[in-house]
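Give me a 3D structure for the following:
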Amino acid sequence: MRYKVNYTSKAKSDLKKLPLDIAKNIILSINGIKGEPYSYVKKIKGAKRHPLFTHRVGEYRVILDIQDDRLLIIVVETGHSSKIYRKY
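Purely as a prediction, here's the structure:
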């Protein structure tokens, strides 16, 4: 089964701020993990809400919320690895 991918407005905004080639790589990478996302993500330790996951795309990270009951991957945020974890 394949998961559906939704982007939050924050994630869309983050992608627009990135160079076009990097944004395309991130989108392609996220679409590439829709079949079995847990093989390509790591759980963020100490997440305040229910478990969030991180997906690495080069020097960039994507914060994901994976909902199994609806087969849904929600892209919460994207950004450079030096800045993305400060909120979590």
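
so who does the most centrally placed residue in the chain touch?
By C-alpha atoms, centre = their mean, the chain has its centre lying nearest to Val62, at 3.3 Å. Contact analysis of Val62 by C-beta atoms under 8 Å, 6 or more residues apart in numbering lists Ala11, Ile26, Ser29, Ile30, Thr54, His55, Val75, Glu77, Thr78. C-beta: built from backbone N, CA, C; applies to glycine.

try 6 Å
The contact partners of Val62, by C-beta atoms under 6 Å, 6 or more residues apart in numbering, come to His55, Val75, Thr78.

Among those, which ones are in strands?
With strands taken from DSSP state E, the overlap with the contacts of Val62 comprises His55, Val75, Thr78.

Count the residues that sit near the closest residue to Phe53 other than its chain neighbours.
Residue nearest to Phe53 in three dimensions, not counting chain neighbours: Val41, with 3.9 Å by C-beta to C-beta, 6 or more residues apart in numbering. Residues within reach of Val41, counting by other C-beta atoms under 10 Å, total 18.

ok, now Leu52?
Leu52 has 20 neighbouring residues, counting by other C-beta under 10 Å.

Quick check, it in contact with Gly46.
No. Between Leu52 and Gly46 there is no contact under C-beta atoms under 6 Å: 10.0 Å.

Output the below-cut-off pLDDT ranges for the chain.
For the chain, the stretches flagged by pLDDT under 70 are 47-49, 85-88.

Wait, the residue nearest to Phe53 touches Leu52, no?
No. When contacts are counted by C-beta under 6 Å, Val41 is not listed as touching Leu52 (9.5 Å).

hang on, the earlier thing: ok, now how distant is the residue nearest to Phe53 from Leu64?
Using C-beta to C-beta, to the nearest Å, one obtains 6 Å as the distance from Val41 to Leu64.

do the same with Leu18
Per C-beta to C-beta, Leu18 is found 17 Å from Leu64.
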